[in-house]
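> One predicted model, sequence on top.
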Amino acid sequence: MPWSLYAVGLVAAFLLQTAVLPLLHLGAVDLLLTLALVCGLAAPVPDARLAGWGAGFVKDLDTDGPLGLHAVLCGLAVLLLTVVRAQLNLHLWWVRWLLAAAVAWPVELAARLHQHFTLGTSATAGGLVFGSLLTAVVAGLLATLLLALPGRAGRRAAARRRW
């Protein structure tokens with residue numbers, strides 16, 4: 001995995017998440033979770049797990065909660081994603097989307113429940129569940145769309161020709 005490209009993506013996702021998305025009122029978009037899902041779907045297994053933990057750690061830098069909560073949650077999500085992706089046909093876009101959303105939903109729900117009970121955020125049970133589901137579905141869709149970018153297919157074909 002090209003770690004320099006990951007670092008650029010991590011900084012860009014963090015800056016967009018903290019500086020641009022609040023101005024656009026896009027609360028359902030979580031770019032750092034999306035980056036973790038992209039790494040979990042596309043990177044080699046050890047690199048993906050480390051990259052997922054790193055994206056969660058950077059996400060912790062922007063929260064009021066304890067440092068490490070999102071790092072553990074994103075790390076566990078990518079761990080589960082790398083285990084399950086070997087058994088599924090990820091060539092179908094909707095399989096990638098459903099898998100990414102299914103892995104991201106418990107992560108987002110756990111983070112929102114933690115914020116609700118420890119930081120005292122006011123939200124109803126339906127709001128917590130629906131908000132976390134919406135964020136997971138959007139993050140999964142964004143990860144799937146990022147993996148389907150046109151330049152990516154050319155790189156895969158070139159890599160196959162070399163071997």
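Arrived safely. Nothing here was measured: the structure is a model prediction, and the numbers come from that model.
> so where do the helices sit in this structure?
3-15, 21-24, 31-42, 45-60, 69-84, 93-118, 125-147, 150-162 (DSSP state H).
> hey, which of the ones you listed is tucked in deepest?
helix 31-42 (a mean of 28; mean count of other Cβ atoms under 10 Å). Every C-beta, even on glycine, is put in place using the N, C-alpha and C of the backbone.
> can you give me the angle that one makes with helix 93-118?
140 degrees (axes from the mean of the first three to the mean of the last three Cα atoms, to 10 degrees).
> Could I get the pLDDT score of Ser122?
Confidence at Ser122, expressed as pLDDT, is 72.
> And the residue nearest the centre of the chain, how close does it get to Leu26?
Centroid-nearest residue in the chain: Leu33, 2.5 Å away (criterion: Cα atoms, centre = their mean). Applying Cβ to Cβ, to the nearest Å, the value for Leu33 to Leu26 is 13 Å.
> For Leu10, which residues are in contact?
Leu10 makes contacts with 32, 35, 54-55, 58, as judged by Cβ atoms under 8 Å, 6 or more residues apart in numbering.
> how about those in TSV, adding pLDDT and distance to Gly131?
As requested, the contacts of Leu10 are exported to TSV (pLDDT from 0 to 100; distance: Cβ to Cβ, whole Å):
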residue	pLDDT	distance to Gly131
Leu32	94	17
Leu35	95	20
Gly54	95	25
Ala55	95	20
Val58	94	21
